[in-house]
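Engineer: This is the structure alone, sequence omitted:
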């Protein structure tokens with residue numbers, strides 16, 4: 001695609017610059033929000049992994065207790 005020059009009336013130039021700067025600020029804000037969401041997700045995922053490990057440990061201990069209590073004595 002061939003690049004063509006863009007012509008803007010001088011009266012509108014400052015308005016266009018203001019709008020472009022506002023858009024840049026909004027995009028930067030959105031990027032910041034995405035970074036925060038990604039960090040929260042990582043923390044959440046880590047907690048879920050930790051909880052799963054805890055549940056597995058509890059399950060293992062319960063199974064051991066179950067074997068001890070219900071295993072016939074020789």
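Structural biologist: Cool, got the structure. Just so we're clear, the structure is a prediction, and the values are computed from it rather than from any experiment.

Engineer: Need the contact partners of stretch 7-16.
Structural biologist: The contact list for stretch 7-16 (C-beta atoms under 8 Å, 6 or more residues apart in numbering) is empty. C-betas here are computed from N, CA, C, even on glycine.

Engineer: and if you look at stretch 35-49?
Structural biologist: Outside stretch 35-49, no residue touches it (C-beta under 8 Å, 6+ apart).

Engineer: how much space is there between the residue most central in space within the chain and residue 44?
Structural biologist: Centroid check for the chain by C-alpha atoms, centre = their mean gives residue 38 as the closest residue, at 2.1 Å. Distance, residue 38 to residue 44, by C-beta to C-beta, to the nearest Å: 11 Å.

Engineer: Residue 22 too?
Structural biologist: If you go by C-beta to C-beta, the gap between residue 22 and residue 44 works out to 33 Å.

Engineer: before we move on, what about residue 60?
Structural biologist: Taking C-beta to C-beta, one finds residue 60 at 25 Å from residue 44.
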